[in-house]
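Participant: Sequence and computational prediction follow.
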Amino acid sequence: MSSASQEYQPYLQPGGFKNWFFSVDHKRIGLMYLYSILIFFLIAGLCAMAVRAELLFPNANHQIFDHHGYNIMFTLHGAIMVFLFIVPGIPATLGNFLLPIMIGAKDVAFPRLNILSYWIYVVGAIAVVWSLIGPLPSIENGLIKFPANWLDTGWTFYTPYSIQSSAGVIPVTLGAFILGFASILTGLNFVVTIHKFRAPGMTWHRLPLFVWALYSASLIQILATPIIGITLALLIMERVLEIGFFSAALGGDPILFENFFWFYSHPVVYIMILPAMGVVAEILPVFAKKPIFGYRAIAYSSLAIALVSFFVWGHHLFVSGMSYWSRWIFSLLTFAVAIPTAIKVFNWISTLYKGSIRMDTPMLYACGFIFLFTIAGLTGLPLATLSTDVFLHDTYFVVAHFHYTMQGGTVVALVGGLYFWWPKIYGRMYNETVGKIGFWMLFLGFNAAFMPQFILGYMGMPRRYADYLGEFAELHFASSLGAFINGLAYVVIFGNLLWAAKRGKVASKNPFNSLSLEWTVPSPPPLTNFDEVPTVTTWTYGYGEEQNA
Amino acid sequence: MSANPNWEPGTFFHLHEEDPVEEYENFKLGMWIFLATEVLLFGGIFAGLFIFKYNWPEVFRLGSQALDWKLGSVNTVILLCSSYTMAMAVDGAQRGKNKQLKLNLLLTLLFAFGFLVVKYFEWSSKFSYGYFPGSDLFFSVYFMSTGLHLLHVLIGMSFIGLVYFRARQERYHEENFGGVEVCGLYWHLVDLIWIFLFPLLYLLRH
């Protein structure tokens, strides 16, 4: 026992490919996941920049690629962002790194399954990239021409086009199928870990809210992902054997594909957003120096969101041909999501009330999240309302709403979480000034990019169109400029983090004075996290309570 | 307790599962969760079956009549027997009777192999009559569902084979039988899915 302290060796050492790629350590796997998804975030982000560049002006005066090329760009943007970046997003990165430390465990329940999940992710990613291999893009008549085998179906793979398209649908769907296994294994691992590996005294109602959020998200990962698995497997069979499940010509039903697809893909947006909500709930009390308000309400609302998420998929089919009663019921159920979501927002704001707030970079992101996510949530309501959705369906209004939840919500929380836990992950501080500049660039650029899209959608601009009428020109131009600032912001944000990882000032064990377990271990943590399994006697949010005691 | 002395960074050593009882509990919970995902995976095909049957009752009536319910029944009996021997294998492991364990694992494998043989004759007879996936929706559902089930039979057989291999090394006893039990859980699910597929495909023919 006495030798334990002198044995301290941060988990980052030793380096080398073999020591990392074959490691079963949850912290290393989390970091490998992080850098992998960031590579795809960069690729998909560049596709988004290309899309916005094409839309700078109406096509009459300006074109970068042909209209088919436009389809390819928004497809790659969506498919890569969703399947390779944002689904693993927070759980596989921060979740992997923090979950065991937060509950006082040395690792997840099945460490080897954990590294298997990462390997499967790599295989799935290779399958997706495989679809791009072949002839390179060329320039014809001053336009960039992409090869015909690049995916052009949209990230939703809707039938019948995904059956007919000559593009490489099979490698991408196979990739998404494989990535589903990685997602299931992570979820399974987390659920068993949370059930079985909590330290003595770490009762359910003392769990950090990030853990509650991961638990809820894991349940969705486990229960929704198999559906996309069978759907994509059947789609592949459809292309190989013409089985007719989703083909009207053979007696099947293309709408069935939409139902199956959204039975996964709607719950999956809660896989993306629930951990983000958990990150925010961790950051707020630390920087407000106040106990979290409404702990149980926040914890159980995560479970409530996970439950309701399975019964709302129909709102994606409101205009696809659906009976009156189905639409009515799905509309009602969709509104029900607003209740647990609003409970969270109110509790976060109550946490801030009369707190002694310190606006460091992570806190900026947490507050930015609340602001942007509130807009995202409120603009969801007109989309749940049948009469307005018929008008807004498949317009830029939906695009803007979705990006407010996914980028304004999930990505902002991911970046905020990275800034918050970076001193723990690398033991070094980021630059505060550059951090704040990064946040404001992101915040302003993002709003400039997507606020006009609400108006565009309301004016009737349909999504996924490569060209538009002159009356939309100013708003599209503003949106594109905003998107470029938004993109540039990530250079600052991740530049700062990468610089900090190597050169940043050495951070103390607990630079933000948090009470959570992960801040009781050295930064960066040793391989086994804890020398001795900690015994927990109180919840983690007792800020300012010690004076009264 | 200080850091585990066996811990070497970059190796496959796992940290906590030092206690076989604890390991067993975790394994079992993990397998039950995994079985839930399997049920949902098949759920997609079952949903297709019900919807298409509702839309095209005539196609499904004729398709079902084209199947050989006798062969289907034989396979049902075979799988039920295999579930029994699997349960006996688990029982053997729990009571430390390695001979019973090994014998019953072999019997289970034998039954599973019998299932494959019957399936081979069934499918080849369908092919010879010109029924393929895509012939009509019934046969698409038939081949997709039984094909996916077949895949699970094969995975289950590999799993049982692995357990048998370990049983030969005498790795299981009264205090360590989690591997056998988890394998049994998986095999029972494979059986259970067939119990649902059989009447839906073979027997609802009027």
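Facilitator: That came in fine, so what should we check first? Because the structure is predicted, anything quoted here is derived from the model rather than measured. Residues are numbered from 1 along each chain as shown, chains lettered A, B, ... in the order given.
Participant: so who does A:Phe246 touch?
Facilitator: Counting by CB atoms under 8 Å, 6 or more residues apart in numbering or on different chains, A:Phe246 touches A:Thr159, A:Pro160, A:Ile163, A:Leu234, A:Leu235, A:Glu238, A:Gly252, A:Asp253, A:Pro254, A:Leu256, A:Phe257. All C-beta spots, glycine's among them, are computed from the backbone N, C-alpha and C.
Participant: Adding neighbour count, distance to A:Phe287 and secondary structure, write those out as JSON lines.
Facilitator: JSON lines is the format used below for the contacts of A:Phe246 (neighbours: other CB atoms under 10 Å in any protein chain shown; distance: CB to CB, whole Å; DSSP: H, G, I helix; E, B strand; the rest coil):
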{"residue": "A:Thr159", "neighbour count": "24", "distance to A:Phe287": "48", "secondary structure": "coil"}
{"residue": "A:Pro160", "neighbour count": "15", "distance to A:Phe287": "51", "secondary structure": "coil"}
{"residue": "A:Ile163", "neighbour count": "21", "distance to A:Phe287": "51", "secondary structure": "helix"}
{"residue": "A:Leu234", "neighbour count": "25", "distance to A:Phe287": "48", "secondary structure": "helix"}
{"residue": "A:Leu235", "neighbour count": "26", "distance to A:Phe287": "46", "secondary structure": "helix"}
{"residue": "A:Glu238", "neighbour count": "25", "distance to A:Phe287": "51", "secondary structure": "helix"}
{"residue": "A:Gly252", "neighbour count": "26", "distance to A:Phe287": "54", "secondary structure": "coil"}
{"residue": "A:Asp253", "neighbour count": "19", "distance to A:Phe287": "51", "secondary structure": "coil"}
{"residue": "A:Pro254", "neighbour count": "19", "distance to A:Phe287": "49", "secondary structure": "helix"}
{"residue": "A:Leu256", "neighbour count": "19", "distance to A:Phe287": "48", "secondary structure": "helix"}
{"residue": "A:Phe257", "neighbour count": "24", "distance to A:Phe287": "46", "secondary structure": "helix"}
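Participant: ok, and the closest non-adjacent residue to B:Ser145?
Facilitator: Distance criterion CB to CB, 6 or more residues apart in numbering or on different chains; nearest residue to B:Ser145, sequence neighbours excluded, is B:Ile45 at 4.8 Å.
Participant: That neighbour: which element?
Facilitator: helix B:20-55 (DSSP states H and E).
Participant: by contact count, what packs against that helix?
Facilitator: helix A:169-196, helix A:209-241, helix A:254-288, helix B:57-66, helix B:137-168, helix B:178-198 (3 or more CB pairs under 8 Å, 6 or more residues apart in numbering or on different chains; DSSP states H and E).
Participant: Hmm, A:Leu497 and A:Leu38 touching each other?
Facilitator: No. Shown here, A:Leu38 and A:Leu497 do not form a contact pair, counting by CB atoms under 8 Å, at 9.7 Å.
Participant: what about those two, which has more around it?
Facilitator: A:Leu497 (23 against 19; other CB atoms under 10 Å in any protein chain shown).
Participant: mind listing what the more buried one touches?
Facilitator: Applying CB under 8 Å, 6+ apart, the residues near A:Leu497 are A:Leu418, A:Tyr419, A:Trp422, A:Tyr430.
Participant: Helix, strand or coil: sort out it for me.
Facilitator: At A:Leu497 the chain is in helix, as set by DSSP: H, G, I helix; E, B strand; the rest coil.
Participant: what residue ranges in the stretch 251-400 of chain A are flagged as low confidence?
Facilitator: Within the stretch 251-400 of chain A, no range satisfies pLDDT under 70.
Participant: For it, what lies in contact range of chain B?
Facilitator: A:Gly251, A:Gly252, A:Asp253, A:Leu256, A:Phe260 (CB under 8 Å from any CB of the partner chain).
Participant: Which one of the residues you listed is nearest to B:Trp194?
Facilitator: A:Phe260 (23.0 Å; CB to CB).
Participant: Neighbours of the nearest residue in space to the closest one that is not next to it in sequence, how many?
Facilitator: The shortest distance from A:Phe260 to any non-neighbouring residue, by CB to CB, 6+ apart, is to A:Thr231 (4.1 Å). A:Thr231: 27 surrounding residues under other CB under 10 Å.
Participant: Can you check what pLDDT the model gives A:Thr231?
Facilitator: Note on A:Thr231: pLDDT of 97.
Participant: And for B:Thr11?
Facilitator: B:Thr11 is given a pLDDT of 37.
Participant: ok, now which ones touch A:Pro511?
Facilitator: A:Pro423, A:Met429.
Participant: tell me the SS of it?
Facilitator: Relying on three-state DSSP, one would call A:Pro511 coil.
Participant: Distance-wise, check it relative to A:Ile349.
Facilitator: A:Pro511 sits 26 Å away from A:Ile349, going by CB to CB, to the nearest Å.
Participant: Over to A:Pro91?
Facilitator: Taking CB to CB, one finds A:Pro91 at 26 Å from A:Ile349.
Participant: which residues does A:Ile184 contact?
Facilitator: By CB under 8 Å, 6+ apart, the neighbours of A:Ile184 are A:Gln221, A:Ile222, A:Thr225, A:Pro226, B:Phe34, B:Thr37.
Participant: before we move on, back to that, let me have the helices and strands packed on helix B:20-55 in CSV, extended by distance to A:Met49.
Facilitator: Formatted as CSV, those follow (distance: least, CB to CB, whole Å):
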stretch, distance to A:Met49
helix A:169-196, 21
helix A:209-241, 28
helix A:254-288, 22
helix B:57-66, 50
helix B:137-168, 41
helix B:178-198, 47
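Participant: before we move on, back to that, these two touch, right, the residue nearest to B:Ser145 and B:Gly147?
Facilitator: No. Using CB under 8 Å, B:Ile45 is not in contact with B:Gly147, being 9.7 Å away.
Participant: Pick out whichever of these two has more residues nearby.
Facilitator: Legend: neighbour count by other CB under 10 Å for B:Ile45 and B:Gly147, higher for B:Ile45 (22 against 15).
Participant: Give me the distance between that one and A:Val412.
Facilitator: 39 Å.
Participant: re the thing from before, I'd say the residue nearest to A:Phe260 and A:Trp262 touch.
Facilitator: No. Assessed by CB under 8 Å, A:Thr231 is found out of contact with A:Trp262, at 9.9 Å.
Participant: circling back to that earlier point, next, the buried residues of the helix holding B:Ile45.
Facilitator: B:23-27, B:29-31, B:33-34, B:36-38, B:40-42, B:44-49, B:51-53 (16 or more other CB atoms under 10 Å in any protein chain shown).
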